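*Asks:* need a 3D model of the following:
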Amino acid sequence: MEEVSGLTYYAPGQLAMHNDENGRMYVFDLEKRKVVQRVRFGGDGDFEGIERIGDHIYVIKSNGKLYRFHVGLEGVVEEISTPFHVGNNVEGLGYDAQKHLLLIALKDDGDVDKVKVKGKAIYGFDLKEEKFIKLPIYSVSHKQLEQVVGKDFKFHPSGIAIHPLTGEAYVLSAHKRALMVFGTDGKPKNLTELKRSLFPQPEGIAFAPNGDLFISNEVEGDGGTLLWFKLNNGN
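*Replies:* Presented below is the predicted three-dimensional model:
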């Protein structure tokens, strides 16, 4: 797969992913190092994020359209209305288990409805109440970025995942290749620039329950890459 733009923990030893042009989910076995299951859930489109929560899979398009389907009912797909639009350019989908929130990362315009945001924003969908939270859960302005990085830096979220042990939000930026961590207080904590040799275009991010981190990269023409960072219990 050249364009793995969404990544999620699926089952012990397995990740689920999708490319950004077809409505298909692929289950990748880490031990066998191959795709062991394929699920078609929709037609063509610009799919940018995927997340498994319980027995449901959530997938989102760049235009803000959100879909949900049960892992055991192939072909039965529900569309959930969202406040997002094409100008937001939705790029990431994550899950906060403690707050039971689906997290939606916007690559471009952070404004939604009557809410104005100075910078980039990540919104939440309350899965218990089945409604979107009006204000961003996380946001970062250009001024905050300068304070964190110490220089002018353009950050465009392309993926988000919550660390299962710390509760902190890890947000990728394919543009400029960077990883930003937000503290549990919702404020940007630090930003790490990623080497192009390892991260040509980081798009998907997911954690295993034990804290292992996975990041997928799009590599045009050569097949994508999946990087596995095992938790160092010594730190």
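*Asks:* could you list the low-pLDDT ranges of the chain?
*Replies:* Across the chain, residues meeting the criterion (pLDDT under 70) sit at 1-2, 75, 221-223, 233-235.
*Asks:* try 80
*Replies:* By pLDDT under 80, the low-scoring segments of the chain are 1-3, 19-22, 42-45, 73-75, 147-152, 219-223, 232-235.
*Asks:* in its sheet, what does the strand of greatest length in the chain sit against?
*Replies:* As assigned by DSSP state E, the longest strand anywhere in the chain is strand 34-44. Strand pairing for strand 34-44, determined by DSSP bridges: strand 22-29 (antiparallel).
*Asks:* may I have the partner strand as CSV, with CA atoms only?
*Replies:* What follows is strand 22-29, C-alpha atoms only, in CSV (Å, rounded to 0.1, in the frame of the first residue of the first chain):
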residue,chain,number,x,y,z
ASN,A,22,-10.9,3.7,-1.7
GLY,A,23,-13.4,2.8,1.0
ARG,A,24,-11.6,-0.3,2.1
MET,A,25,-10.1,-1.3,5.5
TYR,A,26,-7.1,-3.6,5.6
VAL,A,27,-6.1,-5.5,8.8
PHE,A,28,-2.3,-5.9,9.0
ASP,A,29,-0.8,-8.7,11.1
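*Asks:* buried stuff in it?
*Replies:* Of the residues in strand 22-29, 23-28 count as buried by neighbour count, 16 or more other Cβ atoms under 10 Å. Yep, even glycine has a C-beta here, placed from its N, CA and C like the rest.
*Asks:* and the closest residue to Glu193 other than its chain neighbours, what are its bridge partners?
*Replies:* Distances taken as Cβ to Cβ, 6 or more residues apart in numbering place Ala178 nearest to Glu193, at 5.2 Å, with adjacent residues excluded. Beta-bridge pairing of Ala178 under DSSP bridges involves Ser173, Glu193.
*Asks:* next one: Ala178 from Ile162, what distance?
*Replies:* Here the criterion is Cβ to Cβ, to the nearest Å. By it, Ala178 lies 18 Å from Ile162.
*Asks:* generate a markdown table for the buried residues of strand 22-29, with distance to Val149 as supplementary columns.
*Replies:* Putting the buried residues of strand 22-29 into a markdown table (distance: Cβ to Cβ, whole Å) gives the following:
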| residue | distance to Val149 |
| --- | --- |
| Gly23 | 37 |
| Arg24 | 37 |
| Met25 | 35 |
| Tyr26 | 35 |
| Val27 | 37 |
| Phe28 | 33 |
